[in-house]
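Novice: just coords:
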């Protein structure tokens, strides 16, 4: 069951809501991502509800989450770390980091993965000539500094997350350049920067990459697939499963 948020709620799900509102509102609006559902967030929710012809009540329930793109596993549940108004804070969940035979350990130590997770749902704009300001922020941390969300942004997302986590990034918007970042590891670890390459030539539809290279964060794996958390995966920040019959792993990297 999806969590219900309203003014007074606090926690990580509120931060996720605030991230999503930043990219979903037309025109985009600057919203503080502080985890507190205050008057500004309430006003943003009501604006979004009006925009989508939903009931305008400032309450974020299943319909509002649905229009924000928070479907299936991405809908915050009551096991997320959320405090209801005047209520207790439930325990946290690792549901989105599980799955696969080789799921990484040490999730609590990979704090950059929490930073990446809070970006879930950030997506390219699809209305007119507008561009998601959040994706432009990712680009701004690289030497390319692209000003649109139509430029491939998987490497920019990884660079932004790494730098937000307190590490020096690669500074490059090219996925393959991350093969020289940090230190290489033979066995994938949870949170490892992972570079893959599509075996088929031409544009890779899953990642928008013309070179076939893609970079994201390792979550788990099976003998047949990799589960990665990354940007520009179907034009958004999301968890995706990449079948190894279609991709070659070029390297796993961890901070030096």
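Specialist: Sure thing, it's come through. Since we're looking at a predicted model, the values are computed, not measured. Numbering: from 1, shown residues only.

Novice: CA only for contacts and neighbour counts going forward, please
Specialist: OK.

Novice: Spatially nearest residue to residue 32 (excluding sequence neighbours)?
Specialist: Of all residues not flanking residue 32 in the chain, residue 18 sits nearest, at 7.2 Å (Cα to Cα, 6 or more residues apart in numbering).

Novice: The one you found reaches residue 30, doesn't it?
Specialist: No. The pair residue 18 / residue 30 is not scored as a contact, 9.5 Å apart, by Cα atoms under 8 Å.

Novice: These two: who's more crowded?
Specialist: Looking at residue 18 and residue 30 with other Cα atoms under 10 Å, you find the greater number of neighbours at residue 18, namely 26 against 15.

Novice: quick one: the strands in the stretch 1-150 of the chain?
Specialist: Taking DSSP state E, counting those that start in this stretch, the strands of the stretch 1-150 of the chain run over residues 10-11, 82-83.

Novice: any idea of the mean pLDDT in the first one?
Specialist: Here strand 10-11 scores 90 as its mean pLDDT.

Novice: where in the stretch 101-250 of the chain is pLDDT low?
Specialist: Within the stretch 101-250 of the chain, the stretches falling below the threshold (pLDDT under 70) are 101-109, 126-128.

Novice: residue contacts, the residue nearest to residue 32?
Specialist: By Cα atoms under 8 Å, 6 or more residues apart in numbering, residue 18 lies in contact with 31-33, 35, 41.

Novice: Could you report the distance from it to residue 118?
Specialist: With distances taken as Cα to Cα, to the nearest Å, residue 18 is found 10 Å from residue 118.

Novice: try residue 154
Specialist: For residue 154 relative to residue 118 (Cα to Cα), the value is 16 Å.

Novice: ditto for residue 54
Specialist: Counting by Cα to Cα - residue 54 and residue 118 are separated by 25 Å.

Novice: go on, residue 203?
Specialist: Remark: distance between residue 203 and residue 118 (Cα to Cα) = 28 Å.

Novice: higher neighbour count, those two?
Specialist: When neighbours are counted by other Cα under 10 Å, residue 203 and residue 118 differ, and residue 118 comes out ahead with 20 against 14.

Novice: residues in contact with that one?
Specialist: Counting by Cα under 8 Å, 6+ apart, residue 118 makes contact with 12, 15-16, 19.

Novice: What subset of those is buried?
Specialist: Among those, those buried by neighbour count (16 or more other Cα atoms under 10 Å) are 12, 15-16, 19.

Novice: Now render those residues as TSV, adding distance to residue 131.
Specialist: Formatted as TSV, the buried ones among the contacts of residue 118 follow (distance: Cα to Cα, whole Å):
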residue	distance to residue 131
12	25
15	21
16	19
19	15
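
Novice: State the pair within the residues you listed that is farthest apart.
Specialist: Greatest spatial distance in the buried ones among the contacts of residue 118: 12 and 19, 10.6 Å, computed using Cα to Cα.
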